[in-house]
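K.L.:
Build me a model from this:
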Amino acid sequence: MTTPSTPPTAPAPSGPPPGCPAHRLYGPEAEADPTGLYEKLRAEHGSVAPVLVHGDLPAWLVLGHRENLDVARTPSRFSRDPRHWGDMREGNVPPDHPLTPMTAWQPVCHFVDGEEHKRLRQAVTDSLERFDRRGVRRYVKRFADQLIDDFAETSRADLITDFAEPLPMLVMTQLVGAPDSYGPRLVEAARDMLRGTATAVTSNEYVTAVLRELVERKRAVPGRDFTSWLLEHSAALSDEEAVEHLRLVLIAAFESTANLIANTLRMVLTDRRFRANLSGGHMTLPDALEQVLWDEPPFTTILGRWATGDTRLGGREIRAGDMLLLGLAAGNVDPEIRPDLTLPVHGNRSHLAFSSGPHECPGQDIGRAIADTGIDTLLSRLPDLELAVLEGELRRRSSLMSRQLVALPVTFTPRGATGTTPAPVTGTGPSQPLPQAVVPPVRPAPVQDGPGRRRPWWSRLLGRR
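P.N.:
A predicted model of the protein is given here:
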């Protein structure tokens, strides 16, 4: 068997055998109802189903919870190195293919296994651990307040474009030590990349160029930020390795956290089960986040794993070079582990939202902190938020890897701005102040309880009795 560092070079057939029916994971059917497609595939094929990705390239979608864990935890059988991909070796994946930004091999920890993976991942995890978690939460609150200030006096907002999408990138841009001005364009480029659009390659090139410039600057003038800590680490990352790991952390954190915030806010505003559990004191905001990670994980699928040799999975014959997609959303609702989806899963973190095994998401705690603190700040500032449209009017946009709310319009009682400014996030040593934008302070309008006004129902969520 070959190793990830020396992938096979001889062409090999890949994908399901001829005649095996396969559904497209792109196009109108998949985009309209991906959850329904997953269940259709499960009914037809069981825990592992033959599918087609962009360009009708064959792959296997892993639908079972146990099978997903098997693939994620055994890199000796299912490598993260895309150089194993038979279709890539045969020239079926051109440079301008929509999946190229996510499958072209780079010197980054999620594309290697074994000792090289340990070296690169250790640099990422050690650098992430240098952040003071309380400092990160304070920083998230400052940015959340800034975003809320922009619409607090208007009585209306779209919680996707005005809050859920910009908040993670604003925070992560600062964590990596980049200027504030990088944030808005990076949000646009990151979303375009992950949708696998016709311009995904161009967006990827933009992100890479921005991060290359950042690495050059931090080599010359290091600071107390993730980029500088990566470069200082004993793993001795090259500039190219540093750029690719920054890209990985920035893009993954943006997409996963933005979707987690959006999906949790939608549940807060619309889910009767949530309201019932809340009114009975059975659910808190951290509980709500975990419920969303089960029911609507930020990434619906993860691309991909590649078989290092002929093997079996879920009763299917998988051949060397085949691509597999981890079906996180499908695995989380596998009837083998969740026969009754109406039952809450409080305190249970065995979901697949952050994958598993050696490539499990290393920044999940920071993502939870951004979502938890951001949502808490929003509900504290605007406690009478209400959905501005019927729940059935909410629309979603689907791609191969995720499904996002297009908009989440809300109404609320107008309130004044806080006059907050962003505060520095520090590591283990003395803080270094970042440039601050001065906003004239405005006293928030008080929220009164009285005979004609009920206390906001989600005050229980925030522990305010």
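K.L.:
alpha carbons only for contacts and neighbour counts from here, please
P.N.:
Fine.
K.L.:
Look up phi and psi at Glu386.
P.N.:
Phi and psi for Glu386, reported as degrees, to the nearest 10, are phi -140, psi 150.
K.L.:
correction: Asp322
P.N.:
Backbone geometry at Asp322, expressed as degrees, to the nearest 10, gives phi -70, psi 150.
K.L.:
ditto for the one 10 residues further on
P.N.:
Note on Asn332: its backbone torsions stand at phi -70, psi -20 [degrees, to the nearest 10].
K.L.:
count of neighbours near it?
P.N.:
26 (other C-alpha atoms under 10 Å).
K.L.:
and Asp310, how far is that from Leu325?
P.N.:
According to C-alpha to C-alpha, to the nearest Å, Asp310 and Leu325 sit 17 Å apart.
K.L.:
of those two, who's got more company?
P.N.:
Leu325 (25 against 13).
K.L.:
which SS class is that one?
P.N.:
Classification of Leu325 by DSSP: H, G, I helix; E, B strand; the rest coil places it in strand.
K.L.:
what residues are up against it?
P.N.:
59-62, 301-305 (C-alpha atoms under 8 Å, 6 or more residues apart in numbering).
K.L.:
10 Å instead, please
P.N.:
48-49, 51, 53, 59-63, 68, 71, 300-306, 400-401 (C-alpha atoms under 10 Å, 6 or more residues apart in numbering).
K.L.:
What about the residues you listed, which are in strands?
P.N.:
In this view, these that belong to strands under DSSP state E are 48-49, 51, 53, 59-62, 302-306.
K.L.:
correct me, but Glu213 touches Val243?
P.N.:
Yes: if you go by C-alpha atoms under 10 Å, Glu213 and Val243 touch, sitting 9.1 Å apart.
K.L.:
quick one, which of the two is more surrounded?
P.N.:
It is Val243, of Glu213 and Val243, that has more neighbours when counted by other C-alpha under 10 Å, with 25 against 12.
K.L.:
Any idea which helix or strand in this protein has the lowest mean pLDDT?
P.N.:
helix 272-279 (a mean of 62; mean pLDDT, DSSP states H and E).
K.L.:
Which element is encountered next along the chain beyond that one?
P.N.:
Where DSSP states H and E defines the elements, the next helix or strand beyond helix 272-279 is helix 285-295.
K.L.:
Please check the contacts of Leu325 and keep the buried ones.
P.N.:
Buried members of the contacts of Leu325, counted by 16 or more other C-alpha atoms under 10 Å: 48-49, 51, 53, 59-63, 68, 71, 300-306, 400-401.
K.L.:
so who does Ile148 touch?
P.N.:
Shown in contact with Ile148 (C-alpha under 10 Å, 6+ apart): 142, 157, 159, 162-163, 377-378, 381-382, 415-418.
K.L.:
Give me the buried positions along the helix or strand harbouring it.
P.N.:
Assigned by DSSP H and E, Ile148 falls within helix 133-149. Neighbour counts over helix 133-149 (16+ other C-alpha under 10 Å) mark 133, 136-149 as buried.
K.L.:
Likewise for stretch 316-331?
P.N.:
316, 318-331.
K.L.:
Please apply the same query to stretch 363-381.
P.N.:
Residues of stretch 363-381 classed as buried: 363-364, 366-379, 381 (neighbour count, 16+ other C-alpha under 10 Å).
K.L.:
pLDDT score assigned to the closest residue to Val345 other than its chain neighbours?
P.N.:
Closest residue to Val345 apart from its sequence neighbours, by C-alpha to C-alpha, 6 or more residues apart in numbering: Gln291 at 6.2 Å. pLDDT, Gln291: 90.
K.L.:
check contacts around Gln291.
P.N.:
Residues near Gln291 by C-alpha under 10 Å, 6+ apart: 264, 267, 274, 283, 285, 297, 344-349, 351.
K.L.:
where along the stretch 51-200 of the chain do the strands fall?
P.N.:
Here the stretch 51-200 of the chain has its strands, by DSSP state E, counting those that start in this stretch, at 57-62, 78-79, 156-158.
K.L.:
starting at the chain centroid, how far to stretch 263-276?
P.N.:
20 Å (C-alpha atoms, centre = their mean, to the nearest Å).
K.L.:
Keeping just the C-alphas, turn it into CSV.
P.N.:
Extracted in CSV, the C-alpha atoms of stretch 263-276 (Å, rounded to 0.1, in the frame of the first residue of the first chain):
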residue,chain,number,x,y,z
ASN,A,263,-29.0,28.4,11.8
THR,A,264,-29.1,28.9,15.5
LEU,A,265,-30.8,32.3,15.1
ARG,A,266,-33.3,30.7,12.7
MET,A,267,-34.1,28.0,15.3
VAL,A,268,-34.4,30.6,18.1
LEU,A,269,-36.9,32.6,16.0
THR,A,270,-39.0,29.7,14.5
ASP,A,271,-38.6,26.4,16.3
ARG,A,272,-41.6,25.6,18.6
ARG,A,273,-39.8,22.6,20.1
PHE,A,274,-37.0,25.0,21.1
ARG,A,275,-39.5,27.5,22.7
ALA,A,276,-41.2,24.7,24.6
